[in-house]
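> Output the structure for:
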Amino acid sequence: ILGVLLRVMAPIWTSGSVVAGQRAGDVWPHRFAGNAAPGGGSDPLTPGWVPFHKLSQWLAYSLIEPLQWCGVQVGGLDALTGLPEYRNGGLLLDGGVLLARNPRDLARRWKPSDEFIVEWRALTVTLLDEVAERVRARLGLNAEQLPLACVLEGGSWAAGRQIARERRADGAPPVDIDSDGTIF
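Predicted structure coming up:
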């Protein structure tokens, strides 16, 4: 599902990155992003780039249930990542799981391409996998019984929203991102 969405929707990403001459949207460079490709080796087209595709993944997640209702078998749900957006990432910051190296960084406005934001979002994706594993272990379930999509929908996103309301009167996320809404 995600592969089709990425191919079909590539032309609509009017903001975001361009990689190898193609509009990539929610893909950003980071100085510590490795060159390792799946299975080892390196990817000569994308070293140093971190792919998030938050909106495309959100749409993929949103299509799963309707496709299943129509009788389409959908597998590989854990091939999608956690959504690297302000509610999930905000939960990790507000909950003290992640800390800014410099607390003043939380008081300024950032662009989606800024290294601070790319790193925060990458850590969010990685830690959401850990959250899902811990929730499954606590409930005695496996990834098939409790896919990451369910952990996100029923847990981390709602919890991020709740803790944001508890911490800030307007419920705003802990990081201010200058985004036009086409990336995340």
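> Just give me the residue right at the centre of this protein.
In the chain, the centroid-proximal residue (C-alpha atoms, centre = their mean) is residue 84; its distance is 2.2 Å.
> list the contacts for it?
Residues in contact with residue 84 (C-beta atoms under 8 Å, 6 or more residues apart in numbering) are 52, 54, 121, 122, 124, 125, 184. The C-beta positions use only the backbone N, C-alpha and C, and glycine is treated the same way.
> ok now the longest helix along the chain, how far from the chain's centre?
Counting residues, the longest helix found in the chain (DSSP state H) is helix 115-139. Relative to the chain's own centre, helix 115-139 is displaced by 9 Å; criterion: C-alpha atoms, centre = their mean, to the nearest Å.
> In it, which residues are buried?
Of the residues in helix 115-139, 116-125, 127-128, 131-132, 135-136 count as buried by neighbour count, 16 or more other C-beta atoms under 10 Å.
> sorry, back to before: now distance to residue 107 too, for the contacts of residue 84, in TSV please.
Output for the contacts of residue 84, formatted as TSV (distance: C-beta to C-beta, whole Å):
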residue	distance to residue 107
52	24
54	24
121	19
122	22
124	20
125	24
184	21
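> and the least confident of these?
Lowest pLDDT within the contacts of residue 84 is found at residue 184 (64).
> does residue 118 really touch residue 26, like I thought?
No - judged on C-beta atoms under 8 Å, residue 118 makes no contact with residue 26 at a distance of 10.4 Å.
> shared neighbours, these two?
Contacts common to residue 118 and residue 26, judged by C-beta under 8 Å, 6+ apart, are residue 112.
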